[in-house]
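*Asks:* pasting the sequence and the predicted coordinates here, then a few questions.
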Amino acid sequence: MKLIPTIEPSTFKKSMMYFYDQMLFGKKHYDDFFIHHLSKPVYELKLPILPHRQTVHYLIFLTEGSMTKKSGIESYTVCKNSLFLLPKGQITDTTKFSYDISGYFVHFSEDYLISKNFDFTEWMNIPVIGLAQEETVNLVNLLQRMEYVHNNDYNGGLLKSYLNVVLTEIFYISKNVAGKSLTTVEKIVQDYKRSLMANCTKERSTFFYAEQLHITPNHLNKCVKSVLNKSASELLNEMIILEAKVLMSENQLNISELAFAMGFEDPSYFGRFFKKHTKLTPSEYLSRIDLS
């Protein structure tokens, strides 16, 4: 079973849009590339957008307003002149955005890229970047031009070239923001997060993850505490709950099937675990999804 289904862009647009604009969202290459302006007349969102994964990378650049987004289990406020960067497969959701929101949304697939040298896993380390005025002006000009080329169905090669330039600029900016390389402790925590994403539906012991990272469980716990001010077990439990919520929102499974999909042999234990960490039973949470 594919435990956490991903959402194709063409599927996601139908669930998030109040209306369907064939001119904007009906492009034949929509699943591979899309750009649109986040002005109020152009689109509206049904909020909250429940936790989900997508099959494409995407970025949001705000020139006005603000929004609250998640990358994995961390929540971020994205403000004016800021970028939100999300690699494909990372869990995200949107809880709110201001009425005056303006800027750009861009999504793109791996196959659409000219260069295969971009390491999008870096976006997990720094999902939000504030831009200086000169960087903002430069990026706005590039995105405006890219939107114009896209909307007027110009040569696809030109569009890919613009995307390559935009990504090159963003990675250059992000490296300057990051400054020095991650410390050894920060690198351990990032590697732990990646391992959690891949294994938390199968492994619920910090001993497993410590072994994967070739360190002791005690050292893993100290690293997580120093960076995130929470224990390694707390981070593991948060990721398990997040995965469960995503699975609930994307599948028509009963509670027993859901528990087994999450690696719990006893559905009752899963129910107790879920309620302990959310104050809701799985059935109550599913009811809230249905209401939303």
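*Replies:* Good, I have the coordinates.
*Asks:* ok, which stretches of the stretch 101-250 of the chain are helices?
*Replies:* Using DSSP state H, counting those that start in this stretch, the helices of the stretch 101-250 of the chain run over residues 133-151, 156-178, 184-199, 206-212, 217-228, 232-250.
*Asks:* so for residue 104, which of those helices sits nearest?
*Replies:* helix 133-151 (4.7 Å; C-beta to C-beta). Using the backbone N, CA and C atoms, a C-beta is placed for each residue, glycine as well.
*Asks:* run a quick neighbour tally on residue 93.
*Replies:* Residues near residue 93, counting by other C-beta atoms under 10 Å, number 19.
*Asks:* just residue 185 next, same as before
*Replies:* 15.
*Asks:* oh, and call the first residue 880 from now on, that's how I've got it
*Replies:* New numbering, starting at 880: the last item is residue 1064.
*Asks:* using the three-state scheme, assign residue 910.
*Replies:* Classification of residue 910 using DSSP: H, G, I helix; E, B strand; the rest coil returns coil.
*Asks:* where's it relative to residue 987, distance?
*Replies:* Counting by C-beta to C-beta, to the nearest Å, the gap from residue 910 to residue 987 is 10 Å.
*Asks:* now do the SS call for residue 1132.
*Replies:* Look at residue 1132: counting by three-state DSSP, its state is coil.
*Asks:* OK, contacts around it?
*Replies:* 1126, 1140 (C-beta atoms under 8 Å, 6 or more residues apart in numbering).
*Asks:* out of the helices of the stretch 980-1129 of the chain, the one nearest residue 958 is which?
*Replies:* For those, the distance to residue 958 is smallest for helix 1012-1030, at 12.0 Å, taking C-beta to C-beta.
*Asks:* contact partners of the closest one?
*Replies:* 906, 912-916, 940, 942, 960, 983, 985, 1010, 1037-1038, 1041-1042, 1044-1045, 1048-1049, 1052.
*Asks:* select only the buried ones of those in PyMOL?
*Replies:* To isolate the buried ones among these in PyMOL, judged by 16 or more other C-beta atoms under 10 Å, type:
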select buried, resi 906+912+913+914+915+916+940+942+960+983+985+1010+1038+1041+1042+1045+1049+1052
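*Asks:* can you get me a residue count around residue 1079?
*Replies:* Neighbourhood size, residue 1079 [other C-beta under 10 Å]: 23.
*Asks:* ok, the nearest residue to it once chain neighbours are set aside to residue 1147 distance?
*Replies:* In space, and not counting its chain neighbours, residue 1079 is closest to residue 1118: 4.6 Å by C-beta to C-beta, 6 or more residues apart in numbering. Going from residue 1118 to residue 1147 by C-beta to C-beta gives 22 Å.
*Asks:* run through the bridge partners of the residue nearest the centre of the chain.
*Replies:* The chain has residue 971 as the residue nearest its centroid, 3.7 Å off, counting by C-alpha atoms, centre = their mean. Note on residue 971: beta-bridge partners by DSSP bridges are residue 931.
*Asks:* got a list of what it touches?
*Replies:* Residues near residue 971 by C-beta under 8 Å, 6+ apart: 930, 931, 932, 933, 948, 949, 950, 951, 965.
*Asks:* residue 910 and residue 987 - which one has more neighbours?
*Replies:* residue 987 (23 against 19).
*Asks:* so the more buried one sits right up against residue 934, yeah?
*Replies:* No: if you go by C-beta atoms under 8 Å, residue 987 and residue 934 don't touch, sitting 10.9 Å apart.
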